[in-house]
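[1] whatever this is, show me its structure:
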Amino acid sequence: MIASLMQGDLFDFARYRGTPTGRTAEALETGRSRLVVTGLVISMAFMALGWRVVDLTLFADRAEPRLARSVNPLAPVQERADIVDRNGIVVATSLPAVSLYVDPKHVMDVQETADKLIRVLPDLDREKLEKRLSSRGRFVYLKRNLTPEQHYAVNRLGLPGLQFERGERRVYPQGRLLSHVLGVTDIDGRGTAGIERHFESKLTGGGEPLQLSIDLRVQAIAHEVLSDTVREFSALGGTAIVMDANTSELVAMVSLPDFDPNRPVELLGEAGFNRATKGVYEMGSTFKLLTAAMALDSGVVAISGGYDASKPMRVARFSITDYHAKNRWLSVPEILIYSSNIGAAKMALDVGTKAQQTYLGRLGLLRPSPVELPEVGHPLIPSPWREISTVTISYGHGLSVSPVQLTNAIATTVNGGIRRPTTLIRQQAPEGIPGARVFSPDTSAKMRGLMRLVVSRGSGKNAEKEAGGYLIGGKTGTAEKIKAGGYSDKANIASFVGAFPIHAPRYVVCVVVDEPKGTKETFGYATGGWVAAPAVGRIVQRTAGIMGISPEYGMPHLAAARDLPADADEVAAALKPAALRELKNVSRQPEQVRAAE
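    Sure, this is the predicted structure:
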C-alpha cells in the first residue's frame, strides 16, 4: 500500500510540474506580467537616452550649461588696424581678448555662483553681479577683457551658465605719451576721441597701419621738457608743438595734463582737454610777427621805416600803451625787439581792417584748424570787427586761436610764404603738397631776419641760451587771461614760438604755458621770455641732432648769421647806433626783459 501511495504521489508530482494549477498558476502569471512591464520600461528608458544623444548632437543650442563655450568661437574677430609713428613704431594696436558673460537661464545657484566669481574677480560689485546672474536675458556681460590669469581662474570654477566671448582689446604701448593725439576706444572697440575717432572707418576692419607724422623720439622730448616747465612754474598746464615748417606735418604735439589711454576713465575732466587744438587763447605779442609781415607784404611800411611811439595812442575811448615805453620813434625791427604795442597798432591801422581780415583768413586763423582730430576749437572772432579790434589784434588781443593754428601761421611766415594745412598724417611725397601763397618770398626772408633779432637781442634770448648753438628766431608772448568782465592781472598765458635753423627753417616750435607762477630764478616773472622761451630752446637743443640738423657754432659762412641771418642786411641798416647801444643795455639787464613782452 505504501508503494502504491508513493507511485500515486510521484504521478501527481509529475502532473503538477507539467501543468500548474490553482494558486501556483496564478503566481506564475503575475511574474510574467511584471517581467513584460519591466522590459517595456527599460526599453523606453533606452529610447529616451538615445533621443537625448541625438538632441545633444544635432541641437547644440539646447545643450546643458557648459563653461568656456564661446559664441561662434571659430568666427574671425574683426581686427582694428594698428597706428604707427612716422618711423613705423607701433603706438596703438589690438590684442586678443576674452569677455565673460552669462546665460542666466542655466545658472543653478545664484549665491554660489556669485561667491565663487567674487573670489577670482574681486573688482566685481556683488549686488550688480547677483542682479545680472538672475536677470531674464539670455546674454549678459559680467566682465569685459579678462586677463589670461582671470580667464584661467574663472574657467577652473566649472560654474554652469558662464561662457566666454572672444574679441580684441585696444592697447597703447606708449601710455600717456601720445594720449591727446591717439584718443581712446570704448569697450566695444569704437573710437571715441582723437585719431581713433577721426579715422574710425579707416581703422575698422584691419588693413594697413595708419602712419602718423609724429616722431616718437621728438614727442618724448617735448613731453619731458613741457612736464618739467609746468612743474617748475606750478602752472595749470601747457602745450608743446613741433611742426615741419615746409609740410605742416606735426612732428610732436603734447598737451598737459594728459591721461593714459589704456585707462579711458582718466579721459574725464581737465586731463581730457586738448590745449593744443581745442583750447583757444589770446596769444599776446606773438601776433606782432604776423602784423609786421602784413605791413611789409602790403607795402605800407619798409623794413627801414618805423613809427612814433613817444606817447600813448588813443583809439575811441581806449588808450594803447607800451609796458616799458621807449618814448621815441621806433624802427620796424625795434617794434618787435621791444614788443611795442603802439608800433604794432599803428602798423595794423596802416594795413587796414579789411586787409588784416584777408591776411588772417589766408593764414587759417578765422576758422577751425583742419587737423585730423575731433577736438578742434573754433576761433573767437570779434563781431562787429571795429577799428579797436584791428588795433588790439595787432598785438594778440581780441582774437583767440589755438596754439596749433599759431604754429601753422608762423610756419607760413618763415617757409617762403606758403600755407599748407596742418596734418597728423605722414606725407609720402612732401614736395608735392599743395599750398596757398600768403606772403611773398621777400617778406618771408625779412621776417626771418626780424625773428632772429628778437632772439639774439630781445625778449627771446633765453631760448638762445638753451639752444646749444642752434640758430633760433622767434617771438615771446604774454597775455592776461580773460575772466568775467575783463582780464585777470594775476593769470597769464606765457608763450614762445620760434623757427630753426632760422637761416633755412626746417621746424617751428611753439610752447604755451597756462598760468605759470614766477620763481626766485626768474626774479618773480612768469612771462613768455622767462617761461616758454627756455623750454623751446631745450626742445631744439635735444631734438635737432635727431632730425639731422647740426649746430651753427664755428661755421665760418654763418658767423654773421649769429645775429643777422640771410637777407638781414636791411634789418641791420634800420637799426641806428643809438638803438644798438640800447639793445646791448637790455641784454645786460634781466629786469628789463619784461618790457619786451
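[2] what's the mean pLDDT across the helix or strand hosting residue 38?
    Secondary structure assignment for residue 38, by DSSP states H and E: helix 23-58. Mean per-residue pLDDT for helix 23-58: 67.
[3] helix or strand next in line after it, which one?
    Following helix 23-58 in sequence, per DSSP H and E, is strand 83-84.
[4] list the neighbouring strands of that following strand plus their orientation.
    Here strand 83-84 is paired, per DSSP bridges, with strand 90-102 (antiparallel), strand 210-211 (parallel).
[5] what's in contact with that strand?
    Residues outside strand 83-84 that contact it (CB atoms under 8 Å, 6 or more residues apart in numbering): 90, 91, 92, 93, 182, 195, 196, 203, 209, 210, 211, 212. C-beta coordinates here come from the backbone N, C-alpha and C atoms, glycine included.
[6] which one among those residues gets closest to residue 233?
    Closest approach between those and residue 233, by CB to CB: residue 182, at 27.4 Å.
[7] follow-up on the earlier one: the strands paired with strand 83-84: lowest mean pLDDT?
    Mean pLDDT per stretch puts strand 90-102 lowest among those, at a mean of 90.
[8] which SSE is immediately downstream of that strand?
    Sequence-wise, the next helix or strand downstream of strand 90-102 (DSSP H and E) is helix 110-120.
[9] can you tell me which helices and strands that following helix packs against?
    Packing partners of helix 110-120 (3 or more CB pairs under 8 Å, 6 or more residues apart in numbering; DSSP states H and E): helix 126-133, helix 148-157.
[10] pull the CA atoms of that helix into CSV?
    Extracted in CSV, the C-alpha atoms of helix 110-120 (Å, rounded to 0.1, in the frame of the first residue of the first chain):
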residue,chain,number,x,y,z
VAL,A,110,23.0,82.5,-7.9
GLN,A,111,24.5,82.8,-4.5
GLU,A,112,27.1,80.1,-5.0
THR,A,113,28.0,81.4,-8.5
ALA,A,114,28.4,85.0,-7.1
ASP,A,115,30.5,83.8,-4.2
LYS,A,116,33.0,81.9,-6.4
LEU,A,117,33.2,84.7,-9.0
ILE,A,118,33.9,87.3,-6.4
ARG,A,119,36.9,85.3,-5.2
VAL,A,120,38.6,85.3,-8.5
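[11] any buried residues in stretch 465-479, and which?
    Across stretch 465-479, burial judged by 16 or more other CB atoms under 10 Å covers 466, 467, 470, 471, 472, 473, 474, 475, 476, 477, 478, 479.
[12] dump the helices and strands packed on helix 110-120 into TSV; add distance to residue 538 and mean neighbour count as well.
    Formatted as TSV, the helices and strands packed on helix 110-120 follow (distance: least, CB to CB, whole Å; neighbours: other CB atoms under 10 Å):
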stretch	distance to residue 538	mean neighbour count
helix 126-133	49	15
helix 148-157	42	14
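[13] just send those back as TSV, with distance to residue 357 and mean pLDDT too.
    Listed next are the helices and strands packed on helix 110-120 as TSV, based on distance: least, CB to CB, whole Å; pLDDT from 0 to 100:
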stretch	distance to residue 357	mean pLDDT
helix 126-133	57	89
helix 148-157	60	89
